[in-house]
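Peer 1: With the sequence up front, the predicted model follows.
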Amino acid sequence: MGVLARLDDYQRRHRWTGFPLAVAYKFFDDQAAYLTALLTYYGFVSLFPLLLFLVALLGTLLSGNPQLQHAVLNSALGEFPVIGDQLGHNIHSFHGNGFALGVGVVGSLYGALGIAQAAQLALNKIFAVPRHARPDPFRSRLKGLKFLSLLALGLLVTTALSAGESQASVFGTRLAVGLRLAAAATAVVLNAGLLMLSYRILARRRLPVRLMYGPALGGACAWQVLQWGGSYYVGHVLKGATATYGLFGIVLGLIAWLYLGAFVYLTTAEICAVRCLHLWPRSLLSPFTDRVHLSPGDLRAYRSYAATESFKGFEKITVHFDHPPHPPLDGGTPESHPPSDGDPKDGHPPPEDGTPESG
């Protein structure tokens, strides 16, 4: 048995190596890097107008209480460290400005609906939802509004947590540290819940919570680290920069921050998909050559990709795997692959937890 065969056999038998490999292969198969770029574009289009609208609205509603206005705005903008810091230092330039409010409404609506549609497209592809089972353009936008409402609710709660954390110093140093740690832990749990709810809202597939809470907690922790990294970038990289460099630094930093956020969001979804659809283990060489012995995870993955392209409910797609044209490079013995998708004779029927939603 060759080196590749031994490595392949090892990763198939050990989850700590085989599962991350299956997630990486699923990410590559779904072209998730391009989906991440799509989310980044709509996020870039929508984020600044959304924050502009938020600042103008809060500036109008809280105009009678400058101290509360300052605390709430700093807490809300702290969730977006790269661009929020700049808006926070220039509130006076559009305080109560009706034009800024109008631009924020129009820009936010376009970008927000775009990012909701892009997220639906990405998640339905990741969770292998057939095209005929996806919502029509009207229902998909209703789902998008639900998604945006969920984000707004999450922003309100995290803003309240941040505002409480900023006031913790009045209780003393020791109590302040405890409150900040509690607020950070609560924010992580909240963001994990928001991740799971967004996946269940946008993807037309039944997703069991027991298979999602672990990846969601990991994604929420990654998001928290990303926020801290954005704050560090603003406080150390852009601090004292020239006006020209600072402008380019803000734009490039914002794009990079959005891309990393979208990457975390979709990578968490890929982990959930591999767990819910049972797409592990994968063959080590399956993305690189046809001379490979496909694993059960490979078979389920490739069948799901074909079934995802079904446009009509009465359109039936079957997948047949012949033997490799040459002896497999992994040294395995080709097995007889069943002719159709989900044929019980292969011993691996479609997972019952990952069926598309009805209706």
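Peer 2: Received it, and whenever you're ready, just let me know what you need.
Peer 1: Which elements pack onto the helix or strand harbouring residue 139?
Peer 2: In this structure, residue 139 sits in helix 137-166 according to DSSP states H and E. The elements that helix 137-166 packs onto, with contact taken as 3 or more C-beta pairs under 8 Å, 6 or more residues apart in numbering; DSSP states H and E, are helix 66-77, helix 98-126, helix 173-202. Quick note: C-beta positions are derived from backbone N, CA and C, even for glycine.
Peer 1: and that helix with helix 173-202, angle?
Peer 2: Relative orientation of helix 137-166 and helix 173-202, computed by axes from the mean of the first three to the mean of the last three C-alpha atoms, to 10 degrees: 180 degrees.
Peer 1: Return the backbone torsion pair for the closest residue to residue 215 other than its chain neighbours.
Peer 2: The shortest distance from residue 215 to any non-neighbouring residue, by C-beta to C-beta, 6 or more residues apart in numbering, is to residue 271 (4.1 Å). In terms of degrees, to the nearest 10, the main-chain angles of residue 271 are phi -60, psi -40.
Peer 1: So residue 271 sits against residue 22, correct?
Peer 2: No. Counting by C-beta atoms under 8 Å, residue 271 does not reach residue 22; the two are 9.4 Å apart.
Peer 1: With neighbour numbers in mind, choose between those two.
Peer 2: Legend: neighbour count by other C-beta atoms under 10 Å for residue 271 and residue 22, higher for residue 22 (28 against 23).
Peer 1: pLDDT at the more buried one, what is it?
Peer 2: On the pLDDT scale, residue 22 is placed at 96.
Peer 1: quick one: it and residue 278 touch, right?
Peer 2: No. Under the criterion of C-beta under 8 Å, residue 22 makes no contact with residue 278, lying 9.9 Å away.
Peer 1: where do the contact lists of those two overlap?
Peer 2: Residues within reach of residue 22 and of residue 278 at once, by C-beta atoms under 8 Å, 6 or more residues apart in numbering, are residue 297.
Peer 1: burial count for residue 299?
Peer 2: Count around residue 299 with other C-beta under 10 Å applied: 20.
Peer 1: got it, and residue 145?
Peer 2: 12.
Peer 1: And residue 302, by the same measure?
Peer 2: By other C-beta under 10 Å, the residues close to residue 302 number 18.
Peer 1: before we move on, what SS does it have?
Peer 2: Classification of residue 302 by DSSP: H, G, I helix; E, B strand; the rest coil places it in helix.
Peer 1: Need the pLDDT of it.
Peer 2: 95.
Peer 1: now the one helix or strand residue 270 maps to and helix 173-202, what's the angle there?
Peer 2: According to DSSP H and E, residue 270 maps onto helix 243-276. Orientation of helix 243-276 against helix 173-202 (the same axes, to 10 degrees) gives an angle of 60 degrees.
Peer 1: Determine the set of other helices and strands touching helix 243-276.
Peer 2: So helix 243-276, by 3+ C-beta pairs under 8 Å, 6+ apart, packs with helix 15-29, helix 32-61, helix 81-88, helix 98-126, helix 173-202, helix 213-232.
Peer 1: rerun that using 6 Å as the cut-off
Peer 2: The contact analysis (3 or more C-beta pairs under 6 Å, 6 or more residues apart in numbering; DSSP states H and E) places helix 243-276 against helix 15-29, helix 32-61, helix 81-88, helix 98-126, helix 213-232.
Peer 1: Sounds good, over and out.
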